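Q: Generate coordinates for the sequence data below:
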Amino acid sequence: MEISESLSTKLRIAMLLLFGIFVIRGFAQTSVSASQIMEDIREGKSISYENATIVGELDFTYMAEKMPDLPRKSKWWNNGGSNTVEESIGVNVSFKNCTFEEDVLAYIHDERSGYTFTADFDKDVIFQNCNFQRNSMFKYSDFDGKADFSGSEFQRETTFKYAEFDEKADFSEVKFEDDATFKYAEFDEGASFKNATFKESWNIKYMKARGDFDIAGLDVRDDVDAKYTKINGQSFTSYLIENQN
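A: Predicted structure coming up:
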């Protein structure tokens, strides 16, 4: 009887220890190299990570890969060519509860060569409840599918200047610790900035939005530059007055 009880106790302890290991693994963040993600995209693989730390600069423009094959500045400049090099991301991109330790780049202007590198997203892009610890650059990016940045935190410079969103974009519950730029951005099917927090300024100058534009609970600590902004044809001020509770 004592032997049976002893074995039963040991079995329960072993099961508890095993359960604890699974719990720890479940909550721990896995480290993933940005270079591996970029390689997978190149191979046409959809990207889906949850509870992961992304290590290294995530460059959707593939600037380093393209630069050696580009003509020097003097050649394209004298021939009246374009200095913009575009990349199309043709797979779904999904990050949930992830941390980005370095820059996340869909836009780079290289001063030395004079080239500007941009990236467009042909399918869904999800950065949900993510932490961007460095710069986040999405200038000139076209988002053809879903664009969901809800619940994320941007700790450094962030720009969506000239970005275009074909479907309703979700920036609800987002926190911007530094200046956030949406100047000239276009939202074709509306956007949600519900309960979004801007610790510094929010630049939406010349921005255009059509459809439902949700700014309930919006908190901007510094200032909003909304000069020439149009929400369903109205000025931003008129839109606020008409939609105030």
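
Q: When you work out contacts or count neighbours from here on, use the C-alpha atoms and nothing else.
A: Will do.

Q: any idea how far the residue most central in space within the chain lies from Leu218?
A: The C-alpha lying nearest the average C-alpha coordinate of the chain belongs to Phe127 (Cα atoms, centre = their mean; 5.2 Å). Using Cα to Cα, to the nearest Å, Phe127 is found at 20 Å from Leu218.

Q: hang on, the residue nearest to the centre of the chain in a strand?
A: Yes: looking at Phe127 with DSSP: H, G, I helix; E, B strand; the rest coil, it is inside a strand.

Q: Who is Glu87 paired with across the strands?
A: For Glu87, the beta-bridge partners under DSSP bridges are Ala119.

Q: Distance check, it against Lys45.
A: From Glu87 across to Lys45, the span is 16 Å (Cα to Cα).

Q: cool, Gly145 as well?
A: Gly145 sits 17 Å away from Lys45, going by Cα to Cα.

Q: out of these two, which sits in the more crowded spot?
A: Taking other Cα atoms under 10 Å, Gly145 and Lys45 do not tie; Gly145 has more neighbours (18 against 15).

Q: The more buried one touches Ile126, doesn't it?
A: No: between Gly145 and Ile126 there is no contact, the gap being 9.9 Å when judged by Cα atoms under 8 Å.

Q: wait, what's in contact with Tyr206?
A: Applying Cα atoms under 8 Å, 6 or more residues apart in numbering to Tyr206 gives the contacts Lys183, Tyr184, Ala185, Ala226, Lys227, Tyr228, Thr229, Lys230.

Q: Report how many residues lie close to the first one.
A: For Lys183, the number of neighbouring residues by other Cα under 10 Å comes to 23.

Q: surely it meets Tyr140?
A: No: Lys183 lies out of contact with Tyr140 (Cα under 8 Å); the separation is 10.6 Å.

Q: Can you check which residues contact both of the two?
A: Common contact partners of Lys183 and Tyr140 (Cα under 8 Å, 6+ apart): Phe160, Lys161, Tyr162.

Q: filter these to the buried ones?
A: Neighbour-count burial (16 or more other Cα atoms under 10 Å) is assigned, among the shared contacts of Lys183 and Tyr140, to Phe160, Lys161, Tyr162.

Q: Would you mind giving those as JSON lines with distance to Arg72 added?
A: Shown next, in JSON lines, are these (distance: Cα to Cα, whole Å):
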{"residue": "Phe160", "distance to Arg72": "28"}
{"residue": "Lys161", "distance to Arg72": "27"}
{"residue": "Tyr162", "distance to Arg72": "27"}
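
Q: Tabulate those residues (JSON lines), appending pLDDT, secondary structure and distance to Glu242.
A: JSON lines is the format used below for those (pLDDT from 0 to 100; DSSP: H, G, I helix; E, B strand; the rest coil; distance: Cα to Cα, whole Å):
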{"residue": "Phe160", "pLDDT": "98", "secondary structure": "coil", "distance to Glu242": "26"}
{"residue": "Lys161", "pLDDT": "98", "secondary structure": "coil", "distance to Glu242": "26"}
{"residue": "Tyr162", "pLDDT": "98", "secondary structure": "coil", "distance to Glu242": "27"}
